[in-house]
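> Sequence unavailable; structure follows:
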Ligand SMILES: [Zn+2]
């Protein structure tokens, strides 16, 4: 019986993402799916599982079977401050718990659990070169959570935890077991789909920028890691395979010599002892070196292994950042993929931003022309106003903006129009309702 209930919940959750008002199944990465995901709360059972996960980490001081320390030092203060700034920027008032984890070996990773817990390893904090980089990565992780990617994918929270635990476990085992070296990369799998990553990149860049960080600097971490991985992979594949075969041969030699030494008392001469010890020493030294090289490679890129990065993704990210900085239009990034859908979805649901983006402010378009106008939403962020205008434009509806003073500061209102008659304005207003845009009153000027 509990199984059936779980199955029902899964279908129900899925239906939020995949069925629109007309009951038509849509692409789960559509603007509607993104909007629905951002508006949907975290289910109580997921929150409960997250609390249990956190309690387990606190009690056992372990993630999976890797021992960790939970820090409360300057690295914690720095991380917590950035997380709180990011959350304020999107008006997320839920109380997030920030944990800074120290591990040996170092792990370069961060992950969120259950919507309000974020875990950041010192291996990551120590390797970023600016707050912009750290804010970008944390914004990206928070975005996976805001976009409910785990729920949209499988609704199976235990899968995610299993992945994280497997990840940590495989790394701590590698520390002790030389025979596992090289397996580590294969055991770490992507946690999110390609589209999920594109969405989290766009939303993460948006959140970082709203919080006052520079996303253009933030992406440098990913660029560095991607380039590092490329060169390491290119060099290593054949070299490591060869080195591994050599070391295996040396280990076998050492073991054979030891077996002979043990079984044949008459060969136990000082000279043979020296030969055996030297062979075993060489095997051990080379195995250690190879192990630490493989480990360094694997650990350096945990974040990228769980969030695969490639040139296409970097290009999409650069385009999103350029849009956020005002150096290119929203329309011009429509071919880049998921980032565009996120920005269009944000037009309806993004909470008020703290700072108007002067670079994005469209010149002049407001209010001069005579005619009839249909009022739409007012935004504190020009990014959101422009995203709405782009959407109107895509539906063949012209629009203007005007500045309005509110108790929360200066907002930009979008109006559809101008139209030549009241009738035309009425028809467009109906169409806007059809687009679920909540049009206001018609005015003329
Ligand atoms: Zn990601």
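Now that the structure is in, tell me what you want to look at. Note that the structure is predicted; figures quoted are calculated from it, not measured.

> Outline the domain layout of this protein.
230-302, 358-444 (automatic domain parsing).

> And the residue of the protein closest to the ion?
Residue nearest to the ion within the chain: residue 307 (3.4 Å; Cβ to the ion). From N, CA and C alone the C-beta is placed, and that goes for glycine too.

> residue contacts, that residue?
Neighbouring residues of residue 307 by Cβ atoms under 8 Å, 6 or more residues apart in numbering: 140, 190, 191, 192, 197, 200.

> The ion next: which of the residues you listed are close?
197, 200 (Cβ under 5 Å from the ion).

> so can I have TSV of the contacts of residue 307 showing pLDDT and neighbour count?
As requested, the contacts of residue 307 are exported to TSV (pLDDT from 0 to 100; neighbours: other Cβ atoms under 10 Å):
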residue	pLDDT	neighbour count
140	95	27
190	64	14
191	70	21
192	78	20
197	90	25
200	94	26
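
> among the contacts of residue 307, which are in helices?
140, 197, 200 (DSSP state H).

> With distance to residue 56 as added columns, please give those residues in JSON lines.
JSON lines is the format used below for those (distance: Cβ to Cβ, whole Å):
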{"residue": "140", "distance to residue 56": "25"}
{"residue": "197", "distance to residue 56": "28"}
{"residue": "200", "distance to residue 56": "26"}
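
> Just give me the closest of those to residue 214.
Nearest to residue 214 among those is residue 140, at 14.7 Å by Cβ to Cβ.

> from what I can see the closest one touches residue 202, true?
No. Judged on Cβ atoms under 8 Å, residue 140 makes no contact with residue 202 at a distance of 9.6 Å.

> Does anything pack onto the helix or strand in which residue 255 is found? Which helices or strands?
Element membership for residue 255 (DSSP states H and E) is helix 220-263. Under the contact definition 3 or more Cβ pairs under 8 Å, 6 or more residues apart in numbering; DSSP states H and E, helix 220-263 sits against helix 131-146, helix 270-300, helix 302-306, helix 311-325.

> From the chain's centroid, how far away is that helix?
On the basis of Cα atoms, centre = their mean, to the nearest Å, helix 220-263 sits 32 Å off its chain's mean C-alpha point.

> so does it get close to the ion?
No. Under the criterion of Cβ under 5 Å from the ion, the ion is not reached by helix 220-263; the shortest gap measures 10.0 Å.

> Secondary structure class of the closest residue to residue 68 other than its chain neighbours, three-state.
Nearest residue to residue 68, sequence neighbours excluded (Cβ to Cβ, 6 or more residues apart in numbering): residue 101, at 4.4 Å. Three-state call for residue 101 (DSSP: H, G, I helix; E, B strand; the rest coil): strand.

> How about the one 5 residues further on?
Three-state secondary structure (criterion: three-state DSSP) places residue 106 in coil.

> For the remainder of this discussion, apply numbering that starts at 7.
Understood, numbering begins at 7; the last thing we discussed is residue 112.

> residues in contact with it?
Going by Cβ under 8 Å, 6+ apart, residue 112 touches 127, 128, 129, 132, 305.
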